[in-house]
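> Build me a model from this:
(chains A and B, ligands or ions: 2)
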Amino acid sequence: MSVDLKIIEAKQIAPPKTSTNAWEWAKKNLFNSWLNTILTFIASAVLFQIIYAVFGWVLTEAQWDVITENYKLFMVGQYPVAQLWRMWAALTTLTLMFGLSAGRFKGTMLRLSGILLIVYLIHLGAPFTSGSTKIWLATQISILALGYLIGHYFVRAKRFTLIGWALSIPLILFFIQGFGILPAIRTNVWNGLMLTLLIAVFAILVSFPIGILLALGRTSHLPVIKYFCIAYIELIRGIPLITIFFMAQVLLPLFLPTGLTIDNVIRVMLGATLFTSAYMAENVRGGLQSIPNGQYEAAKAIGLNPVQTTFFIILPQALRAIIPTIVGQSIAMFKDTSLVAIVGLVDLLGIAQSVKSNPEFLGRHMEVYVFVAFVYWVIAYSMSYSSRRIEKSLGIGER
Amino acid sequence: MAQTQRSIEVGPVTKTDKMIIKCEGINKWYGDMHVLKDVNLSINKGEVLVILGPSGSGKSTFIRTINGLEPIQQGHIEIDGVSLTHDLKDIEAIRKETGMVFQQFNLFPHMTILKNIMLGPIWVKKKPKAEAEKLARELLDRVGIPEQADKYPGQLSGGQQQRVAIARALAMQPEIMLFDEPTSALDPEMIKEVLDVMKELARSGMTMLCVTHEMGFAREVADRIVLFDGGEIVETGTPEQLFDHPQHERTKLFLSQIL
Ligand SMILES: Nc1ncnc2c1ncn2[C@@H]1O[C@H](COP(=O)(O)OP(=O)(O)O)[C@@H](O)[C@H]1O
Ligand SMILES: [Mg+2]
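Ligands and ions are numbered 1, 2, ... in the order given. Just a heads-up that it's a prediction; the model follows:
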């Protein structure tokens, strides 16, 4: 009571005015000592030189027609033009889901959809995209907006959205692969960015539940399960990814009954998944170890069984704690897909290799690599950006 | 050791005659360390038992054996006619009968207050969601914080969190409530609000086992007090007997240190 009174009686003093003046800020942060002033000048000179050189090259010297002429190759490789509508249909499915989620969940999904919108708009405005491409792009933008409106105004759209994501994956695979209904497309023409994304998304999505099971198995009281999980994790973590890809190419067929062959792309996907699972498992284990014993005891005390305790109490907290690690792992996997070129698949980097050795575009490797690096960066950065956003928005539930 | 008082049925004041907890000859070791030494104790339905004793004397270990959080190596525990064995079925049956409140609250930080309380009724008692929510809101009312239902534990004060923890335990509609130093992690100004809830609970006829250092609470509410030291029960009696006429030297020493 007396504390309250004191607060009321205390004289209200406004906080000291913090200046937002640019010159004052610079004086305080950049020129506050001789050493700092010198460092500021040196750093600006170096920075200016770099920016000047890069922009000078990008805007004047570089000849970007090597990219624009081969744009379709970079994106979907040699996927037959007559069947291209299927790629667009797959993309439309994805766009719709992003729109829906943006409208329903806002926050991170809204920002990711924003990035998607910018990418579409840039391509729509670019002089090199064809008329039919522009129509498809305009469709994407409308679908994105439509999805947003549905997500925003439908009351029960939350469950709807989650089911939608679950259904969209087989639908997208159906468009790309055909499942015997649409004409089959041989996987050796699944190339470019599409292949990169397919392998990465498959490996990340599938390795996630496997990683969780392995991590839980590692803490199991049943010795058979426990030691199997430990052996798997430690074995895989001791082998380079590239070796796993080679083994998937060479060894896997030996174990399969004769007559049964697994497609090259599928083999690589499985290899990447098995590899990432081991790392996911270790990440999840780290999360599990961060949960205080009191949580297990409280769950037991209210009578939850071990399965309920794991799924309602322990895993949600453990996974929350390791979101940055999971996203880091996913980014690493996404970039590591570039290794598939070595076992004969033509991903984004593989296309880059073949484009730069095309005699028509001799000597343009710089442009090609800068472009490829930029594409990798945009996607990887979007991932790490959303991870930071999710962490922040989940902060409210922390202890 | 041989002279240690055995305390089966020593309790002088009982609310009803129906025995609800029976502990016989309980022994427990952590490695080579003998932490519970031949503990015998029976508690009748509706009785409020306060457990006192110096730190490290085995109070927490004992109270946690009752709902099977700590396994025992020797002895027999029976809760409301069900023997506590290694059989998971029995352990689960006993946990449905007993609620527990911890020193560190142990609320689930990723769930709202309401969800924390509804979890047990929905998944263990298989109650319909609406019914579980109604119960949860009633309990929040009872512990005096109905307005916090949709917040997360991290947004509440320690005293409020502990009251939620009590509500969460009560949501299982237990026969017995176990409290392990429920106010020891609280700032002094919040202790009273939690003790008030516990007093109300005691008056309502709940069977309670409380490990606590709150002597005022013990004197006012307890039907019976037991004093633990070195893993064994040193003395048992009503608050008057134990505080005003302690029989045992170790009881006198403990009281002189704490009062
Ligand atoms: N998990 C454990 N492993 C080993 N020793 C323990 C463990 N828990 C408690 N102890 C020991 O058992 C004894 C009794 O502990 P405890 O029941 O927590 O005492 P109290 O609650 O009375 O302070 C102490 O000596 C303590 O160090
Ligand atoms: Mg203790």
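> Please make it C-alpha for all contacts and neighbour counts, starting now.
OK.
> show me the contacts for residue B:20.
Residues near residue B:20 by Cα atoms under 8 Å, 6 or more residues apart in numbering or on different chains: B:42-45, B:78-81.
> I'd like to know which elements the helix ranked longest in chain A is packed against.
The single longest helix within chain A, with elements called by DSSP state H, is helix A:365-394. Judged by 3 or more Cα pairs under 8 Å, 6 or more residues apart in numbering or on different chains; DSSP states H and E, helix A:365-394 is in contact with helix A:65-69, helix A:107-125, helix A:323-336, helix A:348-356.
> Just tell me which of these ends up closest to ligand 1.
Closest of those to ligand 1 is helix A:323-336, at 30.8 Å (criterion: Cα to the nearest ligand atom).
> returning to what we had before: want to try JSON lines for the contacts of residue B:20, with pLDDT as columns?
Formatted as JSON lines, the contacts of residue B:20 follow (pLDDT from 0 to 100):
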{"residue": "B:42", "pLDDT": "94"}
{"residue": "B:43", "pLDDT": "95"}
{"residue": "B:44", "pLDDT": "94"}
{"residue": "B:45", "pLDDT": "94"}
{"residue": "B:78", "pLDDT": "93"}
{"residue": "B:79", "pLDDT": "92"}
{"residue": "B:80", "pLDDT": "89"}
{"residue": "B:81", "pLDDT": "87"}
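> which of the residues you listed tops the neighbour count?
Sorting the contacts of residue B:20 by how many neighbours each has (other Cα atoms under 10 Å in any protein chain shown) puts residue B:43 first, at 26 neighbours.
> Not counting residues beside it along the chain, what's closest to it?
Leaving aside its sequence neighbours, residue B:43 sits nearest to residue B:21 (Cα to Cα, 6 or more residues apart in numbering or on different chains; 5.0 Å).
> does any bit of stretch A:300-312 sit next to chain B?
Yes - using Cα under 8 Å from any Cα of the partner chain, stretch A:300-312 reaches chain B at A:300-305.
> Make a ChimeraX selection of the buried ones in the residues you listed.
Buried members of these, defined by 16 or more other Cα atoms under 10 Å in any protein chain shown, are picked up in ChimeraX with:
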select /A:300,301,302,303,304
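> Just put the residues of stretch A:300-312 next to chain B in a markdown table and tack on pLDDT, distance to residue A:14 and secondary structure.
What follows is the residues of stretch A:300-312 next to chain B, written out as a markdown table (pLDDT from 0 to 100; distance: Cα to Cα, whole Å; DSSP: H, G, I helix; E, B strand; the rest coil):
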| residue | pLDDT | distance to residue A:14 | secondary structure |
| --- | --- | --- | --- |
| A:300 | 94 | 52 | helix |
| A:301 | 94 | 51 | helix |
| A:302 | 94 | 50 | coil |
| A:303 | 92 | 54 | coil |
| A:304 | 94 | 53 | coil |
| A:305 | 91 | 56 | coil |
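> out of the helices and strands packed on helix A:365-394, nearest to chain B?
When the helices and strands packed on helix A:365-394 are compared by Cα to the nearest Cα, helix A:323-336 sits nearest chain B, at 14.5 Å.
> Need the mean per-residue confidence for the closest one.
Averaging pLDDT along helix A:323-336 yields 92.
> mind checking which helix or strand the residue positioned nearest the centre of chain B is in?
Central residue of chain B (Cα atoms, centre = their mean): residue B:178, 1.9 Å from the mean position. Following DSSP states H and E, one finds residue B:178 within strand B:176-180.
> And that strand, what does it pack against?
Taking 3+ Cα pairs under 8 Å, 6+ apart as contact, the helices and strands that strand B:176-180 lies on are helix B:59-66, strand B:98-101, strand B:207-211.
> Residue A:64: which of the ones you listed is closest?
Nearest of the helices and strands packed on strand B:176-180 to residue A:64, taken as Cα to Cα: strand B:98-101 at 68.5 Å.
> and the nearest residue to residue B:101 once chain neighbours are set aside, what pLDDT?
Distances taken as Cα to Cα, 6+ apart put residue B:179 closest to residue B:101, at 4.8 Å, once the chain neighbours are dropped. Listed pLDDT for residue B:179 reads 97.
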